[in-house]
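Give me coordinates for this.
(chains A, B and C)
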Amino acid sequence: MSRLPTGGSRIDRTRPLTVTVDGVELTAYAGDTLASAMLANDLDVVGAGIYTGRPRGLVGIGREEPNAWVQVLDHGGPGTGEPMVQATTQPAYDGLTVERLAGRGRLLPHTDETRYDVLHLHCEVAVVGGGEAGVAAARAAVAAGEGRVIVLDDAPTAPVVDGARCLPDTTVVGAHAHGRLVAVQRLDSADGGGARRLLQVQARRVVLATGSEERPMAFPGNDRPGVMLAGAAAAYVERYGVLPGRRAVVWTAHDGGHAAAAALAEAGVDVVAVLDVRDGDVVTGTDGGSDTGRVTAVHTTSGTVEVDLLAVSGAVTPETRLWTHAGGTTRWSDDVAGFVPDAPPQGGRFSWAGTERTAADTGGRAPAAWFCATDLTDEQAAGTYLDLHRDATLADVRHAVEAGLRSVEHVKRHTTIGTGADQGRCSGVLAAGVLAQLLGEPLGRVGATGARPPLVPVPFGLLAARNRGVLSDPVRVTPIHDRVAHAPMEDVGQWKRPYAFPSVDESLDEAVVRECRAVRTGVGMMDASTLGAIHLRGADVGVLLDMVYTNLFSTLAVGKVRYGVMCGPDGMVVDDGTTMRLSETDWLMSTTTGNAAAVLDTLEEWLLTEWPHLDVVCTSQTDHWSTVAIAGPLSRDVVAALAPDEDVSAEGFGFMTHREAVVAGMPARLARVSFSGELAFEVSVPAWYGAALWDAVAQAGAPHGITPYGTETMHVLRAEKAFPIVGQDTDGTVTPADLGLGWALSRKKTDYVGKRSHARPDAQRPDRRHLVGLAPVDGTSLIAEGSQLVAHGADLSATPVPMLGHVTSAYAAGVEGPFALALLDGGRDRIGEVLDAVDDLVGTPVRVTAPVSYDPEGARRDGA
Amino acid sequence: MTVPESTALLELRRSPLAGSAFGLSSPGLTMVEDPFRQLVEVRGERPADVDRGHVWGLGPGWWLVDGPPSEVVALEAPLAPGNRGVDVSGQRTVVTLTGAHALTVLAHGCPVDLEVVAVGDAVQGVLAGCQVVLGRVADDGWRCYVRASYARHLAAWLTDAATPYR
Amino acid sequence: MLRIPCPHCGERDETEFHYGGEAGVDYPADPSALDDVAWAEYLFVRADPAGWFTERWCHVAACRQWFTIDRHTVSDEFRPVSEGVRA
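Residues are numbered from 1 along each chain as shown, chains lettered A, B, ... in the order given. Just a heads-up that it's a prediction; the model follows:
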């Protein structure tokens, strides 16, 4: 055991615990990291090279560690685990079970059941880092009365700052524009479990007090266990009371290395030599043991020493990754032999706070910018590791330069140096320094590679947090949903809608055929509550509608309903639906299910930004109304039973009219509209009564064999009448005229949105893509949605095959069998032609038909 | 239009969270649906206060009036005409959150700064993917107005988010 | 995540907003008076500077108001609309 009998500022010796590494139980204390537990138990080998498989030991004590990656098998709860965890940042706790890795973890074979959540925090000042500079910044912000001050500190114990909220165990992993920080907070770290919280911290002002990091120097044989960062070696003694070695040589390029050497010596390490680059001392190689390869001897320019620890320190420099995330720049500083913050991120929200002291401040010697000897042989270069995590060496950088690469970013990608999960903390500046030497350029010009969030590996499960499974995206349901929930559902935007209602011995297609037949010959009922509803009120609603619909609306009488098509300024169809006039000033617009929000946005945009003089107020009522459609030649009988006080005869209740009525005892709005070509009614009630309405319609319709139908049946019924489904049969390149809705384009109105575009020569071309119908020539073949239309018998191997159009919607169960709607070049002049609908390189012969395939005369509208 | 002799009809109403077993009562957090409120959107001047109700500002010249459930069955909420508003009673349901953890539960899913919302004020925003109005009725009390079609999703999410505070 | 200062609700997350593009592009008083080139210009041609840009946003998830603001397209800083620029 390397645990000292006393000491260790972070451990609690009264709380022993056990962790398991590769099946071996290691004893540790609360407050240990997995790495300090390994070191205390003399586990020399903490990982292996990702490509070389060479045994590797601990190098660092925090996020800079390149070697000690473990697969967490059990975070102390069922279904927990984590693919790639740095042992130096993982708290030790009872039950933690891990395997050491060769630089690469494995995805969990099961769902990650670790407890994760998200919390949004807001503050006026966020301080990242709870060290000396961070505490000073937080105190100053509190003293200045700046408001809420939050300190985010990744140490297990947060500092105490009166008036500030200090969060321990919290690692900021991203710093973004406008003062947004993303942080990972370890929950219940004392007891482990892996539970974490993603903090979204929004600050008016951010102080980055992220401290410093230590970097090594490279030399042949530098990947042996027992080669450590000097500051890290000393910190293992101070924090955890663990000796990293018995007999050591310290090699440094700055004064800090001497302080680390003194600390090690005081703890009882036999420090046999302190070598300083600035005195001309350079490590030239190492020898290792035959078992773990741990260092046994160090060769230097001033001789060979036998040791079990080589503590190296190249420099201690500011940790600027969050600074650069936020858009700050860095510059090379000879004073600290490293990159330091330069221009702050734009926008004035981020500032830097550091307590770095240069040699000039302390009266010491200036550091040397030493990375690696330049005179190494090829063989030595191949054993001089610049990135231990990626197993990349000096030889790799030489090769990149020989291949002509000059940019530090290109060399990074060529060699993979700095691309590991440690973000190249020990390797990035080393590689840049070596590149500068090889190119003969100053390091300031070569520059450093950029850092990107997240700062440390973050489990995907944490990013998803609560948004998993059924909670991953909202599911919208209507008040009638429970009455129809037994049916297979179709996703329509976020809505769940019944696709069809197959009986136990029926296929979906068979159900659709049966439901279509019911509507065409009897009566069907459908939950139409998902349609968008927008209430419009004001003296100028007619003026607005005349502009946003292509046809005339201002003349619509109270009690009437009109179908309208809506276009964008570019003339392309964006929505369609019916609008009813409730009173002189009140109108109710219905939109397609998927476009309810977009249509409301568009109406309000025109009203607020172009026509603020119009007296119109829009109010969404989509969820306020629940609607049941009753369709089919027998629908009148059903409605008559539901609303006995109403005259529902063809004369008494005309097509495209509406009225308030008592339906099944409920206050309702009753309308005669049809999307199937059949006699049909829609009943709307306030949403609380939706389920009761559904039940009442089912009961009143039972004597007539009323049949519930779903979205696919509705689509077939619509398609047979060539009522296009906006968003399915249209795609933003389709005008009303292309759809055969030219009748809906007002010639009387001086303007409507899209009118000018409809006058463009391109909109008038006779060979535009028109909506047409398709029927399989053999009467039975299914046509695939999305099929390309080509000339019949076209040679599909002769590319490019001229494309004539494509299938926009296809149906297996029309009145006369399968059929489809398609957009076809000059389609209205091709009716009767035979084409091939090609899907997956197989062409199905199809005949082009008029889009309306059922009741083209519209004879069935008033009932059979 | 009002339907006379309709008290039996009131029994036919179903609120968006009926049957969803939503609800929590623990020392630091109480969550429950407050159904069948009369909700009216009003434009222009701030409408008059409502007995046993709330008036929330949603935006410039835009108000949500939240009144007690109506005793009569009507196509339009009785509150609406007097307030020149549009009845949206069925558009949203109300979930109340009360207790020391109420704000934290909301902050698990809502990126809006709720700490600065004064009692009597409301904010609109997105909570767990659902558009909501959050009205603060007390230091530790909120009324959450959620679209009826999203209510079950939000209730499931709130139930899950409240797990640590049971 | 941009933080966009809504004049009515204060600073909110970008996801609550709908982008409206360049400000000051009015719907023509008489579209039929424009030739095809001028109409296409209205429909499709917008400025795209690297620098300060006067643009429109709508706070759709809250107050639903449209407003005009300057944004620096490189740094994403916001500032009130500059003097003399029409909304």
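
C-alpha from now on. contacts and neighbour counts both.
Fine.

Share the number of residues neighbouring the nearest residue to A:P159 once chain neighbours are set aside, please.
The shortest distance from A:P159 to any non-neighbouring residue, by Cα to Cα, 6 or more residues apart in numbering or on different chains, is to A:G130 (6.0 Å). Counted with other Cα atoms under 10 Å in any protein chain shown, the neighbours of A:G130 add up to 27.

A:K755 now?
Neighbour number of A:K755 under other Cα under 10 Å is 23.

My read is that the residue nearest to A:P159 contacts A:L152, right?
Yes. Counting by Cα atoms under 8 Å, A:G130 does reach A:L152; the two are 6.7 Å apart.

mind listing the helices for chain B?
Taking DSSP state H as the test, the helices found in chain B are B:7-10, B:79-82, B:102-107, B:151-161.

Quick check: residues of chain C near chain A?
C:1-3, C:26-27, C:31-32, C:36, C:39, C:43, C:60, C:65-66, C:75-77 (Cα under 8 Å from any Cα of the partner chain).

between those, which is closest to A:I534?
For those, the residue nearest A:I534 by Cα to Cα is C:V60; the value is 15.7 Å.

Report the distance from stretch A:252-260 to the chain centre.
Centroid separation for stretch A:252-260 versus its chain: 45 Å, with Cα atoms, centre = their mean, to the nearest Å.

Sort out which residues of that stretch are buried, please.
For stretch A:252-260, burial by neighbour count (16 or more other Cα atoms under 10 Å in any protein chain shown) applies to A:T252, A:A253, A:H254, A:D255, A:G256, A:G257, A:H258, A:A260.

The third one is in contact with A:A368, isn't it?
Yes. Counting by Cα under 8 Å, A:A368 is a contact partner of A:H254 at 6.5 Å.

how about the helices of chain B in TSV, adding distance to chain A?
Shown next, in TSV, are those (distance: least, Cα to the nearest Cα, whole Å):
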stretch	distance to chain A
helix B:7-10	7
helix B:79-82	13
helix B:102-107	5
helix B:151-161	6
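
ok, now how distant is the closest residue to C:E22 other than its chain neighbours from A:V673?
Counting by Cα to Cα, 6+ apart, C:E22 lies nearest to C:E55, which is 4.4 Å off, once chain neighbours are set aside. In this view, C:E55 and A:V673 are 42 Å apart by Cα to Cα, to the nearest Å.

try A:A421
Using Cα to Cα, one gets 62 Å for the distance from A:A421 to A:V673.

Kindly report the same for A:V72.
Distance, A:V72 to A:V673, by Cα to Cα: 62 Å.

what does A:D154 give?
Counting by Cα to Cα - A:D154 and A:V673 are separated by 64 Å.

Please identify which of the two sits among more neighbours.
A:V673 (25 against 22).

Give me the subset of the buried residues of stretch A:252-260 that lies in strands.
Within the buried residues of stretch A:252-260, residues falling in strands by DSSP state E are A:T252.

CSV for the buried residues of stretch A:252-260, including pLDDT?
Shown next, in CSV, are the buried residues of stretch A:252-260 (pLDDT from 0 to 100):
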residue, pLDDT
A:T252, 98
A:A253, 97
A:H254, 96
A:D255, 95
A:G256, 95
A:G257, 96
A:H258, 97
A:A260, 97
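
Phi first, then psi, for A:R756.
Backbone torsions for A:R756, taken as degrees, to the nearest 10, come to phi -60, psi -40.

Just to check, it is in contact with C:S32?
Yes. Using Cα under 8 Å, A:R756 is in contact with C:S32, at 5.9 Å.

Which one's more surrounded, the two?
A count of neighbours by other Cα under 10 Å puts A:R756 above the other of A:R756 and C:S32, at 21 against 15.

coming back round to it: quick check: neighbours shared by A:H254 and A:A368?
A:R278 (Cα atoms under 8 Å, 6 or more residues apart in numbering or on different chains).

Please produce TSV containing the buried residues of stretch A:252-260, extended by distance to chain C.
Formatted as TSV, those follow (distance: Cα to the nearest Cα, whole Å):
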residue	distance to chain C
A:T252	41
A:A253	38
A:H254	38
A:D255	40
A:G256	38
A:G257	40
A:H258	43
A:A260	42
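
which pair in the buried residues of stretch A:252-260 spans the largest distance?
Greatest spatial distance in the buried residues of stretch A:252-260: A:A253 and A:A260, 12.3 Å, computed using Cα to Cα.
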